[in-house]
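**Q** Below is the sequence, then the predicted model.
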Amino acid sequence: MPWNVRLLRWVLRLGARLPLRVLQAVGAALGPLAHWLGAREYRVAKKNVELCFPGLDAADRARFVDRSLSHTGRGLAELAWLWGGDPARALSTIRAVHGRAHLDAALAGGRGVLLAAPHLGQWELLNLWLSTVAPLTILYRVPQRAEYEPLLVGARGALGAEAVRAEAAGVRLLFRRLKEGRLVGILPDQRPKGGEGVEAPFFGRPAMTMTLLCRMAHKSGAAVVFGFAERLPRGEGFALHFLPAEPAVADGDPATAVAAMNRGIEACVRLAPEQYQWTYKRFSFRGDGDDGPDPVYGKWKRSRHAGKPAGG
């Protein structure tokens, strides 16, 4: 095991000994730090909030961004509890489950269930809880640093969840699991690779959006349910939320289906808007060979063919 992975394991296990409230306080401090440093995360979150909440005045937007960054920091710190500690202890922080009837009804249908879990609140805790409810298979992207993959897969599979790579063989396995009537979890708001998505409105703005979940729903007939884990204030724990998807999410027309999926994501986000991952470049897409300024966020992309930013 590489030294950096061993170090991360040690940090996670050490952090797992701290009370959740202390971990969250440490993580929350990362938000003001990111603002003070003018970090990429701060700049992206600021732009996203400007795009999605134009009705907020400048002062309210600034407070929203700062609180959002603090939640992002909390989410990182909570990984110590979720990846470095006892899963049962992590599950004990769940105080309420709202809308469970939607999930239970979908599972009872016997056609398989696609659980759409946006980057909202603490989705790693949601994975653990779902593992206790039904046989769970989750799709994941291989991290950029491949040596961390075993850590990620082991943590997400701590209670028996099956983790499969986001590649052709993994997608075929997901279809088999749905045919078996199982629960399949997908993050629906990851930016697609080139040619694998369509544009659809998200908070009134066009966003390149993945089509995988909608295609799977259309081809398999599986039910679709949205879910997320909301972080409660003052370190009190979490509340799970489950929301039904519009029938159009399984429409044969990709644009219609993806628009319905984005509306479902929005409905989740509006329940805990500051806990969404606003640090993600949700509204722009550049192919692997593209250089020049980002059309939304304005940052220059470094050319693969030169040692300086493209365009100067």
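**A** It's in.
**Q** Tell me which stretches of this structure form helices.
**A** Under the criterion DSSP state H, the chain contains helices at 3-15, 20-28, 30-37, 40-52, 58-84, 87-91, 100-108, 123-131, 149-156, 168-179, 212-220, 254-269.
**Q** Which among the ones you listed is found nearest to residue 197?
**A** Using Cβ to Cβ as the measure, helix 254-269 is the one of the helices of the chain that comes nearest residue 197, at 7.7 Å. Any C-beta I mention is one placed from the backbone N, CA and C, and that applies to glycine too.
**Q** shaky segments in the stretch 51-200 of the chain?
**A** Counting by pLDDT under 70, the stretch 51-200 of the chain contains low-confidence residues at 194-195.
**Q** what's the spacing between the residue minimising distance to the centre of the chain and residue 234?
**A** Per Cα atoms, centre = their mean, the C-alpha nearest to the average position across the chain is that of residue 119, at 2.4 Å. Here residue 119 is placed at a distance of 23 Å from residue 234 (Cβ to Cβ, to the nearest Å).
**Q** Buried residues of stretch 49-56, list them for me.
**A** The neighbour-count check on stretch 49-56 (16 or more other Cβ atoms under 10 Å) flags 49, 51, 52 as buried.
**Q** I misspoke; the intended subject was stretch 60-80.
**A** For stretch 60-80, the neighbour count (16+ other Cβ under 10 Å) marks 61, 64-66, 68-75, 77-80 as buried.
**Q** cool, and stretch 255-271?
**A** By neighbour count, with 16+ other Cβ under 10 Å as the criterion, the buried positions of stretch 255-271 are 256-269.
**Q** Closest to residue 131 out of those residues?
**A** The nearest one, if we look at those relative to residue 131 and count by Cβ to Cβ, is residue 268, at 20.3 Å.
**Q** Nearest to residue 217 among the buried residues of stretch 255-271?
**A** Looking at the buried residues of stretch 255-271 and their distance to residue 217, the nearest is residue 257, at 7.4 Å (Cβ to Cβ).
**Q** burial of residue 246, as a residue count?
**A** Counted by other Cβ atoms under 10 Å, the residues lying close to residue 246 total 16.
**Q** Just to check, it is in contact with residue 265?
**A** No. Using Cβ atoms under 8 Å, residue 246 and residue 265 do not qualify as a contacting pair, with a distance of 11.5 Å.
**Q** follow-up on the earlier one: the residue nearest to the centre of the chain: what's its closest spatial neighbour, skipping adjacent residues?
**A** With sequence-adjacent residues excluded and distances taken as Cβ to Cβ, 6 or more residues apart in numbering, residue 119 is closest to residue 277, at 3.7 Å.
**Q** Likewise for residue 151?
**A** Ranked by Cβ to Cβ, 6+ apart and with sequence neighbours excluded, the top spatial neighbour of residue 151 is residue 5, at 5.9 Å.
**Q** Just list the residues touching the one you found, thanks.
**A** Under the criterion of Cβ atoms under 8 Å, 6 or more residues apart in numbering, the neighbours of residue 5 are 147, 148, 150, 151.
**Q** again with residue 41
**A** Residue 41 is in contact with 34, 69, 72, 279, counting by Cβ under 8 Å, 6+ apart.
**Q** Which of these sits closest to residue 16?
**A** Nearest to residue 16 out of the contacts of residue 41 is residue 72 (Cβ to Cβ; 19.9 Å).
**Q** I'd like to know how far that closest one sits from residue 132.
**A** Remark: distance between residue 72 and residue 132 (Cβ to Cβ) = 27 Å.
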